[in-house]
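J.: Turn this into a structure:
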Amino acid sequence: VQDVLIDGGVVRQVGTGLRAPEGAEIVEAEGKIVCPGFIDIHVHLREPGQEYKETIATGTRAAAAGGFAAVACMANTSPVNDDRSVTEFILAQARRANLANVYPIAAISRGLAGEALTDVGELKLAGAVARPTTTAEVVVLTQAPTALRNRWSFNEAAGDLVNDSVGGEHGVVRGAPYSR
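T.: Numbers count the residues shown, from 1 in each chain. Reported below is the predicted structural model:
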């Protein structure tokens, strides 16, 4: 059991027997669990295109109310998050809502159809943090060459495009039939 000193919404100190500054609000949390905000890595924020189901504002409001400081949203919106403009729209709506951090997950294929690959480098530059492995895309992409299937992903730690065996230094496949 430890004390937590929060100043201006920022955790300043954690330890036992902390002295509260004069005038500080003291919240007794004995028997409670204090932890950082959770991150939900698989949410379906239906905006753009299906706002009658949920918007980024309502989805992040629900996330924040449940203790989630961040969410990673799937690409199955309408239009699909397979283009820089969709990623930028999602991030702009998240900034406008200002309730929880939103990390867009981009589609690996155009329209989630599993036929033509998206420009994941552009999507990453726009702010996408990962690519999904949805069954529909993976099943169709099994027809693509093994190197191409296995190399189109984002690096787990840094979010950098891993594409060392099939592309140039910027993660772009040039001249291959699957790059069009």
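J.: what's the spacing between the nearest residue to residue 5 once chain neighbours are set aside and residue 6?
T.: Once flanking residues are discounted, residue 5 sits nearest to residue 13: 4.2 Å by Cβ to Cβ, 6 or more residues apart in numbering. All C-beta spots, glycine's among them, are computed from the backbone N, C-alpha and C. Separation of residue 13 from residue 6 (Cβ to Cβ, to the nearest Å): 9 Å.
J.: now residue 49
T.: From residue 49 to residue 6 the distance is 39 Å (Cβ to Cβ).
J.: how many other residues sit next to residue 5?
T.: Using other Cβ atoms under 10 Å, residue 5 is surrounded by 15 other residues.
J.: packing partners for whichever strand or helix holds it?
T.: Under the criterion of DSSP states H and E, residue 5 resides in strand 3-7. Counting contacts by 3 or more Cβ pairs under 8 Å, 6 or more residues apart in numbering; DSSP states H and E, strand 3-7 packs against strand 10-15.
J.: what's the spatially closest residue to residue 129 that is not a sequence neighbour sitting at in phi/psi?
T.: What sits nearest to residue 129 in space, not counting adjacent residues and going by Cβ to Cβ, 6+ apart, is residue 103, at 4.4 Å. Backbone torsions for residue 103, taken as degrees, to the nearest 10, come to phi -120, psi 100.
J.: and what of the one 4 residues further on?
T.: Per-residue torsions, residue 107: phi -70, psi 150 (degrees, to the nearest 10).
J.: do the one 4 residues further on as well
T.: Listed backbone geometry of residue 111 is phi 60, psi 20, with angles given as degrees, to the nearest 10.
J.: so what's it up against?
T.: Counting by Cβ atoms under 8 Å, 6 or more residues apart in numbering, residue 111 makes contact with 80, 82.
J.: Residue 48 versus that one, what's the distance?
T.: On the measure of Cβ to Cβ, residue 111 and residue 48 end up 14 Å apart.
J.: Contacts only, for the residue nearest to residue 5.
T.: 3, 4, 5.
J.: partner residues bridging the residue nearest to the spatial centre of the chain?
T.: Geometric centre of the chain, nearest residue: residue 103, 2.4 Å, by Cα atoms, centre = their mean. Going by DSSP bridges, residue 103 is paired in beta bridges with residue 72.
J.: quick one, helices of this protein?
T.: 56-65, 84-97, 120-126, 135-141, 146-151 (DSSP state H).
J.: Kindly reformat the ones you listed as CSV containing mean neighbour count and mean pLDDT.
T.: CSV is the format used below for these (neighbours: other Cβ atoms under 10 Å; pLDDT from 0 to 100):
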stretch, mean neighbour count, mean pLDDT
helix 56-65, 19, 97
helix 84-97, 18, 97
helix 120-126, 20, 87
helix 135-141, 14, 44
helix 146-151, 14, 42
